[in-house]
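In: attaching a predicted model along with its sequence, questions to come.
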2 protein chains.
Amino acid sequence: MAATVQLDSAELDSSVAYREALDRELNRFFREQCARARDYDESYVRLWDALRAVSHGGKRIRSRLVHETYAALGGRNVGHATAVGLAFELLHTAFVIHDDIIDGDVLRRGQLNVTGQFLSHAQRDGLDYATARHWAESSALIGGDLMLTHAQRYLAVASIPEPVRRQLLDLFEYALYVTAAGEQADVSYSVRSPEELTLDNVITMATHKTAVYSFGAPLRAGVLLAGGSADLAALVGDFGLMLGTAYQLRDDFLGLYGDSAVTGKSVLSDLRGGKNTPLMIFARGTDAWPLVEEMRHREDVDSSELAAVRTALDECGARAFLERLEAEHVERADLLTLGEDMPAALGELLRSTMRSLAARAA
Amino acid sequence: MAATVQLDSAELDSSVAYREALDRELNRFFREQCARARDYDESYVRLWDALRAVSHGGKRIRSRLVHETYAALGGRNVGHATAVGLAFELLHTAFVIHDDIIDGDVLRRGQLNVTGQFLSHAQRDGLDYATARHWAESSALIGGDLMLTHAQRYLAVASIPEPVRRQLLDLFEYALYVTAAGEQADVSYSVRSPEELTLDNVITMATHKTAVYSFGAPLRAGVLLAGGSADLAALVGDFGLMLGTAYQLRDDFLGLYGDSAVTGKSVLSDLRGGKNTPLMIFARGTDAWPLVEEMRHREDVDSSELAAVRTALDECGARAFLERLEAEHVERADLLTLGEDMPAALGELLRSTMRSLAARAA
């Protein structure tokens, strides 16, 4: 009747084995869901196919963080680590799908997202754009609900002994609560006058919207699953928030200064989308603003105009400011790993994770 | 950190006591969530206030069905019954919120829904309509996600012993899966040519979209919670689907023939909304159709025109057909309560529930 959960009971011996176990369970899950869907309307099969497509690929950062922390503290149960990793991966899928509806996006990492897949199908069928779009977004809304339920379900039905299972469910709820708060703030900032927004507002919003569920919570979950203390989980969670915020600041940086051949995303989209990144908030009070503001409202910006925007942001100190802010977060995260309450192996792991994620070029 | 759950451990002695326990927990839940929200953007407090407002009132049919079945089988644990009842009530809230986004509604039972509350606030603040609407619907989308997570959470963290807790989580997942399928079919039917739709399509769609999570699953949950067998739970669930379908057919009937002073809803909205109810599907192949079709596309229909539509539907046999269809479902539900595997007290309860819900005027 209900979806089954079949997790490996073998021992976990490497990151590669973990990633394979995770992919195996994800494949099994979607195979089963798609098969069940055949008893319903054909559009439901299409929906599950689309959900399967968007759940594959990606960097799997969240499950990787769960596993690495868990393994560093001696955790070896692959079934438990897979259940917790998938909870965060499917939560991410759910957030991405619903966030894309809010942003009106049809692409994600250059691929059609759930809305995009339905829209493309509807337009091939000759539906008018407004009807097609409504159908596509409604389908994505339903799809996100399915992913959200299955994310929490992986924890709810896991064979993880109490009180850890309950701690993980509480952590999941906390992550969802804070992410919803960040998303709500993001949506609300877009209807307020940008002049009202402070740097603190936008950094806090990004921390709530992304850093908690993507970094803080998965790292905490790994500690809890390994039987670590609440204090250690909190410490590692704080590290995760610093890492997550640094990651986000790097994203903002790459959004304007990155090499699109490496990042795979246009360096113009953040600028044209009028996103209130910390870079923009800083620039707003400087001489660079008139030029930046003009480019933000332009339909198209050529490469020499982009170069001019970059130069203006360099000269007004916005770039240096952003880089300093990122470095500060990296430094604070580093400090958290060096305290005497941090097991040495875990501290080393966290610092290496930080280096691989924060100083990236893509 | 995470939301707490505090359920009464007293004995359950009456429907009134149950309803009070349910309301007490719901009040406590929203009080706590609204208080937590104060640590975030002010719009998040507004969102939780709106969620609280839409979660109050209503008939509480789903939790009532859980409790009555549970009590009829000797169940007495008020905390368990409250947790399961709230899971279904919050699931309903989540579905209603997301369904209203899909339908573009701003009212529910004559009150502003979540979208409506945000829209009204935004317009008072002088936002243009499109921006206000987008903000309002985005907020409702986030709000539905919160309700959906908390619905499942009430089961996930309940102190209900295994294997019953797991059976309830499986039932929840099943209800969500089928409801999503029904919603997806509903959304998809609206982009297909109405001529393609059969009576069976629209009745099955309504059963999936509403009867499973509103009737079949809560009744099954009551049986499972009381320690009843899987066979009895399935039998009671089948009864629930018949009841739910009869309930929906009555809704369609009242949508055209009801007294709006009693139902509290316009008798024109179903007609004007162009809803593909079984009544309309039947009428489509008859002499009544040209008149009905004309009225469906009219902006306004006066009382003499409504009377003409009713007469045409009477004369073509659509009304009699709908009443016969409803009676058949009631009869099949009745038969299910009379088998030898049905405990006498439970059978009697189900028949009385059927009489109170199916033959209603509002």
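Out: Thanks, I have the structure now.
In: how about the nearest residue to the closest residue to chain B within the stretch 251-362 of chain A, chain neighbours excluded?
Out: In the stretch 251-362 of chain A, the residue found nearest to chain B is residue A:274; the distance is 13.1 Å by CB to the nearest CB. Glycine gets a C-beta too; all of them are placed from N, C-alpha and C. Counting by CB to CB, 6 or more residues apart in numbering or on different chains, residue A:274 lies nearest to residue A:296, which is 5.2 Å off, once chain neighbours are set aside.
In: mind listing what residue A:314 touches?
Out: Residues near residue A:314 by CB atoms under 8 Å, 6 or more residues apart in numbering or on different chains: residue A:320.
In: work out for me the element it sits within.
Out: Using DSSP states H and E, residue A:314 maps to helix A:303-315.
In: give the full set of residues in contact with the residue nearest to residue A:274.
Out: Applying CB under 8 Å, 6+ apart to residue A:296 gives the contacts A:271-272, A:274, A:280.
In: now those: which count as buried?
Out: Among the contacts of residue A:296, the ones that count as buried by 16 or more other CB atoms under 10 Å in any protein chain shown are A:271, A:280.
In: now do the same contact list for residue A:212.
Out: Applying CB under 8 Å, 6+ apart to residue A:212 gives the contacts A:174-175, A:178-179, A:182, A:241, A:244.
In: cool, residue A:243 as well?
Out: Taking CB under 8 Å, 6+ apart, we find residue A:243 in contact with A:211, A:215, A:329-330, A:333, A:350, A:353-354, A:357-358.
In: over to residue A:101?
Out: A:115, A:137, A:140-141, A:144, B:141.
In: just give me the closest of the residues you listed to residue A:106.
Out: Each of these was scored against residue A:106 by CB to CB, and residue A:115 proved nearest at 5.3 Å.
In: how near is the closest one to chain B?
Out: 13 Å (CB to the nearest CB, to the nearest Å).
In: got it, and residue A:190?
Out: Counting by CB to the nearest CB, the gap from residue A:190 to chain B is 7 Å.
In: which ones are touching that residue?
Out: Residue A:190 makes contact with residue B:135, according to CB under 8 Å, 6+ apart.
In: now swap in residue A:282 and tell me
Out: Applying CB under 8 Å, 6+ apart, the residues near residue A:282 are A:199, A:316-318, A:321-322.
In: may I ask which two of the residues you listed are separated the most?
Out: So, the contacts of residue A:282 by CB to CB: farthest apart are A:199 and A:316, at 14.5 Å.
In: higher neighbour count, the two?
Out: Neighbour count, other CB atoms under 10 Å in any protein chain shown: between residue A:199 and residue A:316, residue A:316 has more, with 19 against 15.
In: check what pLDDT the more buried one gets.
Out: Note for residue A:316: predicted pLDDT of 95.
In: likewise residue A:48?
Out: 98.
In: show me the domain layout of chain A.
Out: A:1-159, A:163-362 (automatic domain parsing).
In: would CSV of the ones you listed with distance to residue B:91 be doable?
Out: Output for the domains of chain A, formatted as CSV (distance: least, CB to CB, whole Å):
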stretch, distance to residue B:91
domain A:1-159, 10
domain A:163-362, 16
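In: near chain B, which residues of the stretch 251-362 of chain A show up?
Out: Remark: no part of the stretch 251-362 of chain A is in contact with chain B, using CB under 8 Å from any CB of the partner chain.
In: what kind of secondary structure is the residue in chain A sticking out farthest from the centre in?
Out: Here chain A reaches farthest from its C-alpha mean at residue A:126, the gap being 34.5 Å by CA atoms, centre = their mean. Three-state assignment for residue A:126 (DSSP: H, G, I helix; E, B strand; the rest coil): coil.
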